[in-house]
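> Predicted structure and sequence below. I'll ask about it afterward.
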Amino acid sequence: MFKRPDYIGAISQYIDTPLVKILAGVRRSGKSTILDMLKEELADRGISKENIISRKYTEMDVDNNFTAKDMYSELKNAIADKGRCYLFLDEVQEVNGWEKVINNLTEDENTDIYVTGSNSKLMSSEISTYLSGRYVLIPVYTLSFAEYLIFKGVDRKNSKETFNEYLQYGGFPIIGISNFDTHSAYQVVEGIYSSVISRDITRRHNVRNKELFDRVVMYIVENVGKTFSANTIVKFLKNEKRTISVETIYNYLKWLSEAFIIYPCKRYDIQGKSVLKTQEKYYLSDISIKYSKMGFDRKMTSAMLENIVFLELKRRGYDVYIGKNETKEIDFIGIKRDKKIYIQVCDLLPGDCSRETDNLLDIRDHYHKYVVCRDDLAIGNDNGVEIVHIADFLLRENW
């Protein structure tokens, strides 16, 4: 089992605290494996195996007749007369009312609880109602580039060459631990994607026109890293002689976001210091989702590099925005408490790098500014803007 120490470190600080630990992310991002790693951590701390109790709540493990009351009764029996128990509950969103069960167990029992789920409703107001102030959320993403190197057993000295492979294969852990060719890898990802769409969206939300829904998804996938609105999609589909309402588009975007297929990225007005409500962008939970739908094409590279940087910012706890500085756009602003960074992303740096640096230089503050690219030769500093290879950027400990 390959370790993911960043997640273990993030969660370990909460062991034996009166907080429910919630791991949420796209299916097959490695949440269950992280739970297994935590069980090992507890065992190393001397916790008896009989006090470490695991349950899965996938469709294969529970049927439609399995209720929250059943879940509560079964867990109560499992922990009876054992003293302090550690509960590991996988894919809890499959049980309606699971949050009430967790609330009761947290209040009434000597338990330390860890749950995973593949739907962002785990972060919704429903949970806040039942677990107000008593849970911590740990987002789980597909493999970072640093993790990909570990999975592949590659030394960081060869990181730039391996980055090109990462760019082509993406970061789903099952791809990282395997030696698939590209066709087989994309087939595996297509299977993951189809499972999410079927279980977490079309069936859960009773999507009636699957063909139209699929066309909307394809539009989003095709336009990763581009600004558009629900109205933009409605007009596009109208040109294809398809009719759909703006409200339906908003629902589709919401459901795709809840299932962690896409992440929205809003625009931020640097001058006005405010988040804008129009023309946001969307990025994929893993770049391989685009390849599984459209095949790999080098023309996609710039958008996929943006997607990789966006996810890395999210992994490191930044709130991520597209920057608007009057008429100019900054690819990303990352904000974390009192820290802020500005990033422009490109593939190969043009001979006159001012095209990438000028927008950053127009921002008159002291925060760090980067141009992140895949150009081996374009490394250095331009009037305070650091130009860095994306592989080196992703592997830095701090930025």
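Okay, I see it.
> Any buried residues in the one helix or strand residue 167 maps to, and which?
Using DSSP states H and E, residue 167 falls within helix 159-169. Residues of helix 159-169 classed as buried: 159, 162, 163, 166, 167, 168, 169 (neighbour count, 16 or more other CB atoms under 10 Å). C-beta: built from backbone N, CA, C; applies to glycine.
> ok, the closest residue to the fifth one other than its chain neighbours - how many residues close by?
In space, not counting the residues next to it along the chain, residue 167 is nearest to residue 304; the distance is 6.3 Å by CB to CB, 6 or more residues apart in numbering. As a burial measure, the neighbour count of residue 304 was computed by other CB atoms under 10 Å and equals 25.
> Would you verify that residue 89 is located in a strand?
Yes - counting by DSSP: H, G, I helix; E, B strand; the rest coil, residue 89 is located in a strand.
> I figured it was touching residue 114, is that so?
Yes - counting by CB atoms under 8 Å, residue 114 is a contact partner of residue 89 at 7.1 Å.
> How about residues contacting the helix holding residue 167?
Outside of helix 159-169, the residues within contact range by CB atoms under 8 Å, 6 or more residues apart in numbering are 145, 148-149, 152, 154, 175-176, 180, 182, 185, 287-288, 291, 296, 301, 304-305, 308, 374, 376, 389-392, 394-395.
> How about stretch 342-355, which residues are buried there?
342, 343, 344, 345, 346, 349, 353.
> average model confidence for stretch 114-128?
The average pLDDT for stretch 114-128 rounds to 73.
> brain fart, stretch 275-291
93.
> centre of the chain versus that stretch, how much separation?
The chain centroid and the centroid of stretch 275-291 are separated by 11 Å, computed with CA atoms, centre = their mean, to the nearest Å.
> Which secondary structure element of this structure has the lowest mean pLDDT?
Ranked by mean pLDDT, DSSP states H and E, the weakest helix or strand in the chain is helix 125-131, scoring a mean of 66.
> Which element is encountered next along the chain beyond that one?
strand 135-139.
> Give the buried residues for that following strand.
For strand 135-139, using 16+ other CB under 10 Å, the buried residues are 135, 138, 139.
> on that earlier part again, so can I have TSV of the buried residues of helix 159-169 showing pLDDT?
Formatted as TSV, the buried residues of helix 159-169 follow (pLDDT from 0 to 100):
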residue	pLDDT
159	92
162	95
163	97
166	97
167	97
168	96
169	97
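> Between those, which sits nearest residue 274?
For the buried residues of helix 159-169, the closest approach to residue 274 (CB to CB) belongs to residue 167, at 34.1 Å.
> Please report how far the closest one lies from residue 390.
9 Å (CB to CB, to the nearest Å).
> List just the nearest of the buried residues of stretch 342-355 to residue 41.
For those, the nearest to residue 41 is residue 343 (34.0 Å; CB to CB).
> Validate this expectation: that closest one resides in a helix.
No - applying three-state DSSP, one finds residue 343 to be strand, outside a helix.
> Does it touch residue 334 like I think?
Yes - here residue 343 reaches residue 334: they are 6.9 Å apart, a contact under CB under 8 Å.
> who touches both of the two?
By CB under 8 Å, 6+ apart, the residues touching both residue 343 and residue 334 are residue 313.
> residue contacts, residue 233?
Residue 233 touches 216, 219, 220, 244, 249, counting by CB under 8 Å, 6+ apart.
> intersection of neighbour lists for residue 167 and residue 390?
Common neighbours of residue 167 and residue 390 (criterion: CB under 8 Å, 6+ apart): 305, 308, 374.
> What sits closest to the second one if chain neighbours are left out?
Read it as residue 308. Here the residue nearest residue 308, using CB to CB, 6+ apart, is residue 287, at 6.5 Å.
> Please report how far the one you found lies from residue 175.
In terms of CB to CB, residue 287 sits 11 Å off from residue 175.
> residue ranges of the helices in the stretch 51-200 of the chain, please?
Here the stretch 51-200 of the chain has its helices, by DSSP state H, counting those that start in this stretch, at 68-79, 98-108, 125-131, 145-152, 159-169, 173-176, 182-196.
> so which of these comes closest to residue 317?
So among the helices of the stretch 51-200 of the chain, helix 145-152 is nearest, using CB to CB, at 15.3 Å.
> got any ranges where the stretch 1-150 of the chain has weak pLDDT?
Within the stretch 1-150 of the chain, the segments meeting pLDDT under 70 span 59-61, 121-128.
> Go again with 50.
Counting by pLDDT under 50, the stretch 1-150 of the chain has no low-confidence residues at all.
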